[in-house]
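Q: Quick one, what's the 3D model for this:
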Amino acid sequence: MDPIKENNNKVYVATFYMFVDWVDFESYKFKIETLCIKEKTVGTILIASEGINGSISGQKESIDNVLKYIKSIGLFNDLKPKLSIAYGKTFKKMKVRIKKEIVSLGINNISPSKKTGDLIESKSWNSIVSDPNTILLDTRNYYEHSIGTFKGSLQPEIKSFRDFPEWASNNLDSHKDKRIAMFCTGGIRCEKASSYLMDNGYKDVVQLDGGILKYLEKVEKEDSMWQGECFVFDYRISLKHGLKEGDYDMCHACRMPITDKDKLDERYTREVSCPNCYGSHSEKSMKRFLEKKKQLDIKDRKQIKNYSND
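A: Okay, the predicted model is just below:
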């Protein structure tokens, strides 16, 4: 076993979001950030006039204290965070950012706090999406659904959520008479996407309540329609049923998830390239990647030496 990983500690990861009309959101940045730093949590929280979106990790009591404060802001009484467990590093540092959108679609006048598709609980999802008149839609980016998705889903080859409106216009407009059942990691992108579709004439739009993460938490593997693993935006990379840490790593050059088999490929070099991106980086980028690899190799040797001397 890797001595560095063996020495890592158990932490909790909380993901949460809520769309509300938040007029004085900017005044809360310092308060939330100060509390998070005090509680020694790491991660990112985005705040905007349309609400809050966050993923943070730390000790259970620290996570609870941060969430308790956010819920005490009257608008977020009904905040429903999702908790999972990780071991070792999850995020680099703690950031609270003021943004124009808490999830970027790039379309003005979308109001998820007022109008979204109907929420379908995890236990009812299979029967809903098994209807042949239903289009099962994965709203995530291509590198996310490349490692796992629901059986029978339609998977847009988009690089960014901001590409979704154009993709929908080109690929979904002829299906406005059908039910659109959409899903994403935690639910937030479906809130925006469903609101957008409804504004554009779609009558029957539903979404998976709590996203893939809630489904993997609540639905047993033997009853599941999920295939593969779920990409997450932290150092765990992917999660399995029961929200257990998955088997994927990440190429830090192109951000694509990679397997142990990929690491045996001659095109793989830690922090530099993988089979997905080999030969595609500029000379400037390659110099930067190689320098980062050098620094990480030095750091790893020091950690192993310190562990051996304990």
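Q: neighbouring contacts of the one helix or strand residue 96 maps to?
A: Assigned by DSSP states H and E, residue 96 belongs to strand 94-98. Strand 94-98 is contacted by residues 25-26, 29, 32-33, 36-37, 41-48, 56 when judged by CB atoms under 8 Å, 6 or more residues apart in numbering. Backbone N, C-alpha and C define where each C-beta goes, glycine included.
Q: strands paired with it, and their directions?
A: strand 42-48 (parallel) (DSSP bridges).
Q: any idea how the protein splits into domains?
A: Domain segmentation of the chain under automatic domain parsing yields 3-98, 118-230, 255-310.
Q: can you list those in CSV and add mean neighbour count?
A: Supplementary listing: these in CSV, determined by neighbours: other CB atoms under 10 Å:
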stretch, mean neighbour count
domain 3-98, 17
domain 118-230, 18
domain 255-310, 13
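Q: Among these, which comes closest to residue 248?
A: Residue 248 sits nearest to domain 255-310 of all the domains of the chain, at 4.3 Å, using CB to CB.
Q: what does the average pLDDT come to for the closest one?
A: Throughout domain 255-310, pLDDT has a mean value of 81.
Q: now it: how far from the chain's centre is it?
A: Here the centre of mass of C-alpha atoms in domain 255-310, compared against the chain's by CA atoms, centre = their mean, to the nearest Å, lies 23 Å away.
Q: Next, the angle strand 94-98 makes with the host helix or strand of residue 36.
A: For residue 36, the host element (DSSP H and E) is helix 29-38. Counting by axes from the mean of the first three to the mean of the last three CA atoms, to 10 degrees, helix 29-38 lies at 170 degrees to strand 94-98.
Q: ok, which pair from the contacts of strand 94-98 is furthest apart?
A: Maximum pairwise distance among the contacts of strand 94-98 (CB to CB): 22.6 Å, between 26 and 42.
Q: ok so, going back, quick check: of the contacts of strand 94-98, which lies closest to residue 187?
A: Closest to residue 187, out of all of the contacts of strand 94-98 and judged by CB to CB, is residue 46, at 15.1 Å.
Q: so the closest one makes contact with residue 56?
A: No: the pair residue 46 / residue 56 is not scored as a contact, 11.5 Å apart, by CB atoms under 8 Å.
Q: Of the contacts of strand 94-98, which is the nearest to residue 169?
A: Distances from residue 169 to those, taken by CB to CB, are shortest for residue 48, at 25.0 Å.
Q: if I pick the closest one, what's in contact with it?
A: Contacts of residue 48 by CB under 8 Å, 6+ apart are 22, 25, 98-102.
Q: sorry, back to before: just so I know, which of the domains of the chain lies nearest residue 237?
A: domain 255-310 (5.8 Å).
Q: Please enumerate the strands of the stretch 101-250 of the chain.
A: Per DSSP state E, counting those that start in this stretch, the stretch 101-250 of the chain has strands spanning 118-120, 134-138, 148-150, 179-183, 205-208, 226-228, 230-231, 238-239, 249-250. These are given in chain order.
Q: Quick one: list the elements packing against the second one.
A: Read it as strand 134-138. The contact analysis (3 or more CB pairs under 8 Å, 6 or more residues apart in numbering; DSSP states H and E) places strand 134-138 against strand 148-150, strand 179-183.
Q: Output that strand as PDB - backbone C-alpha positions only.
A: Extracted in PDB, the C-alpha atoms of strand 134-138 (Å, rounded to 0.1, in the frame of the first residue of the first chain):
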ATOM      1  CA  THR A 134     -39.200   9.600 -22.600                       C
ATOM      2  CA  ILE A 135     -35.800  11.000 -23.700                       C
ATOM      3  CA  LEU A 136     -33.200  10.400 -20.900                       C
ATOM      4  CA  LEU A 137     -30.800  13.300 -21.100                       C
ATOM      5  CA  ASP A 138     -27.300  13.600 -19.500                       C
END
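Q: The strands of the stretch 101-250 of the chain: lowest mean pLDDT?
A: Looking at those, the bottom one is strand 249-250 with a mean of 92.
Q: Packing partners of it?
A: strand 257-258.
Q: Now do the biggest strand by length in the chain: which elements does it pack against?
A: In the chain, taking DSSP state E as the definition, the longest strand is strand 10-19. Helices and strands touching strand 10-19, by 3+ CB pairs under 8 Å, 6+ apart, are strand 51-58, helix 60-72, strand 82-87, helix 188-199.
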